[in-house]
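1. quick one, what's the 3D model for this:
(4 chains)
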There are 2 protein chains.
Amino acid sequence: MAKRLFAERGIKQTTVREIGANAGILSGSLYHHFGSKDDIVDDLLRDFCSSVLDSYRELSRSKVAPSEQLRMFARFGFGLLDEYTAEIIIIQDDYVDLTKFPQNKDQRFNYLLEFNAEVEKHWTDVIKSGIKSGEFQSSAAPRIVYRLIRDAIIGATRWYRPKKGMSAAQVADAIVDIVLDGIKDR
Amino acid sequence: MAKRLFAERGIKQTTVREIGANAGILSGSLYHHFGSKDDIVDDLLRDFCSSVLDSYRELSRSKVAPSEQLRMFARFGFGLLDEYTAEIIIIQDDYVDLTKFPQNKDQRFNYLLEFNAEVEKHWTDVIKSGIKSGEFQSSAAPRIVYRLIRDAIIGATRWYRPKKGMSAAQVADAIVDIVLDGIKDR
DNA sequence: GTCTATATGAGGATAGAC
DNA sequence: GTCTATCCTCATATAGAC
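-> This is a model prediction of the structure:
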């Protein structure tokens, strides 16, 4: 899969020759299947983004305490590392390039901006409702808390390996235990 | 400065022509000052790493409670964002490339591996001594706690801007307040 | 559907004039 | 110390044979 290469070396530094070799064909043959290198990237990220957003919308519908909701989000977020490490790395590492001219010619990658905005909204909404209900301290700045957990997930792409050591759910719980204890009102 | 370009676009994607233009000269003239593009990177990172390690060694000498020590580390770490955002971004984003062949030919960038290892040791030593002294819960996994804060610092490079909104020290305290509350024994 | 061959451009680096 | 000019390599993408 091209996504492993993109994640390991970055999009620009992955050549169509490598992608071809990885698929057992030569670079020229790739263009029978894809119109361009960007098309390959686009295919990959579009599916991931819409699938993740569907899940967040679904999770947001469940009526549980904000602390539980937060734990569900974290488990889901860390759980993505089991199957979608590559996509997370690509979006993070190549985000600026992808959303900027010339790579983003015709704004074809603008859905990444919307993706990030919606994910952040799901998280901060939960934190805000926890503050409103009195479960979290009013000093818990929603964006700071969100970023703390999000950055932990992104950072985990650099050390977490599925089926080695802690499971994604265990990592999520370890993080959430610390953060929840830190923002809970008592 | 070339470091801004490296941080914004990545080392490989920054051309010597751009570096030259940024300095007001043509790319050919650059080679009067530097032997190669890698030499420019090396100059930049070597100074940063040794300066940061000196500071950590100095901070580690102070005899205060682990929680205070942790706060000092965090303030120092986030404080780097005021002057060294570029260096932090470069080391993070280009770490794999730099420490791998062929970019790391002759292992010229191996000091980055040592740098990361020593920084991690300073942090985990403090957390371990807090557990030993009973100030922190014994369930506080040192590497998880370290990574949580480190990733918050790295993630902050994507949103923190000096002199806008919160100061680096305020961000550090907000994070430390959450994490310390989450790992303190009571 | 994959191959070979090639067009076209960009990148790092060098040589020598000024 | 900066310029012009150029070498060499490697990148994306295309055309047409098989």
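2. return the set of buried residues in stretch A:73-89.
-> Buried positions in stretch A:73-89, judged by neighbour count with 16 or more other Cβ atoms under 10 Å in any protein chain shown: A:73-81, A:84-89. All C-beta spots, glycine's among them, are computed from the backbone N, C-alpha and C.
3. and the residue in chain A that DNA strand C sits nearest to, which of the three is it?
-> Nearest to DNA strand C in chain A, going by Cβ to the nearest atom of the strand, is A:G28, at a distance of 2.8 Å. What DSSP: H, G, I helix; E, B strand; the rest coil gives for A:G28 is helix.
4. can you tell me the element the nearest residue to A:T14 once chain neighbours are set aside falls in?
-> Nearest residue to A:T14 in three dimensions, chain neighbours excluded: A:L5, at 4.5 Å (Cβ to Cβ, 6 or more residues apart in numbering or on different chains). In this assignment (DSSP states H and E), A:L5 forms part of helix A:2-9.
5. give me the average confidence score over that helix.
-> The average pLDDT within helix A:2-9 is 96.
6. just checking, what packs against that helix?
-> helix A:16-23, helix A:37-61, helix A:85-93 (3 or more Cβ pairs under 8 Å, 6 or more residues apart in numbering or on different chains; DSSP states H and E).
7. how about residues contacting that helix?
-> A:14, A:18-19, A:22-23, A:40-41, A:44, A:85-87, A:89-90, A:93-94, B:96-97 (Cβ atoms under 8 Å, 6 or more residues apart in numbering or on different chains).
8. how many neighbours does A:S138 have?
-> Using other Cβ atoms under 10 Å in any protein chain shown, A:S138 is surrounded by 10 other residues.
9. check contacts around it.
-> A:131, A:185.
10. 10 Å instead?
-> A:131-132, A:183, A:185 (Cβ atoms under 10 Å, 6 or more residues apart in numbering or on different chains).
11. could you do A:S36 as well?
-> Each residue near A:S36 by Cβ under 10 Å, 6+ apart is listed here: A:16, A:30, A:42.
12. who wins for neighbours among the residues you listed?
-> A:L30 (19 neighbours).
13. that one contacts A:G24, doesn't it?
-> No: contact criterion Cβ atoms under 10 Å: A:L30 and A:G24 do not qualify, at 11.1 Å.
14. hmm, back to that, among the helices and strands packed on helix A:2-9, which is nearest chain B?
-> Nearest to chain B, of all those, is helix A:85-93, at 6.8 Å by Cβ to the nearest Cβ.
15. what residues does chain A put near DNA strand C?
-> A:20, A:25-29, A:32-33 (Cβ under 7 Å from any atom of the strand).
16. top of these by neighbour count?
-> A:G20 (17 neighbours).
17. grab the nearest non-local neighbour of it.
-> A:S27 (4.3 Å).
18. and the one you found, what does it touch?
-> Residues counted as contacts of A:S27 (Cβ under 10 Å, 6+ apart) are A:15-21, A:37.
19. list the contacts of the spatially closest residue to A:G134 that is not a sequence neighbour.
-> Once flanking residues are discounted, A:G134 sits nearest to A:D185: 6.0 Å by Cβ to Cβ, 6+ apart. Counting by Cβ under 10 Å, 6+ apart, A:D185 touches A:130-131, A:133-140.
20. where's A:D185 relative to chain B, distance?
-> Separation of A:D185 from chain B (Cβ to the nearest Cβ, to the nearest Å): 11 Å.
21. need phi/psi at that residue.
-> The phi and psi values for A:D185, taken as degrees, to the nearest 10, are phi -90, psi 140.
22. same question for A:K184.
-> phi -70, psi 140.
23. my guess is it meets A:S139, correct?
-> No: A:K184 is not in contact with A:S139 according to Cβ under 10 Å; the separation is 11.5 Å.
24. these two: who's more crowded?
-> Taking other Cβ under 10 Å, A:K184 and A:S139 do not tie; A:K184 has more neighbours (15 against 12).
25. what's the closest non-adjacent residue to that one?
-> Leaving aside its sequence neighbours, A:K184 sits nearest to A:F136 (Cβ to Cβ, 6+ apart; 6.3 Å).
26. now that neighbour: phi and psi?
-> A:F136 adopts backbone torsions of phi -110, psi 150, taken as degrees, to the nearest 10.
27. right, and it touches A:K128 too?
-> Yes: between A:F136 and A:K128 there is a contact at 8.9 Å, judged by Cβ under 10 Å.
28. what touches both of these two?
-> Listed as contacting both A:F136 and A:K128 by Cβ under 10 Å, 6+ apart are A:66, A:142.
29. of those two, who's got more company?
-> Just comparing A:F136 and A:K128: by other Cβ under 10 Å the higher neighbour count belongs to A:F136, 24 against 14.
30. what's the separation between the more buried one and B:I183?
-> As defined by Cβ to Cβ, to the nearest Å, A:F136 lies at a distance of 18 Å from B:I183.
31. same thing with A:E135?
-> For A:E135 relative to B:I183 (Cβ to Cβ), the value is 20 Å.
32. between these two, who's got more neighbours?
-> Set side by side, A:E135 and B:I183 show more neighbours around B:I183, with 28 against 19, by other Cβ under 10 Å.
33. so that one makes contact with B:K128?
-> No: between B:I183 and B:K128 no contact is recorded; they are 11.9 Å apart, counting by Cβ under 10 Å.
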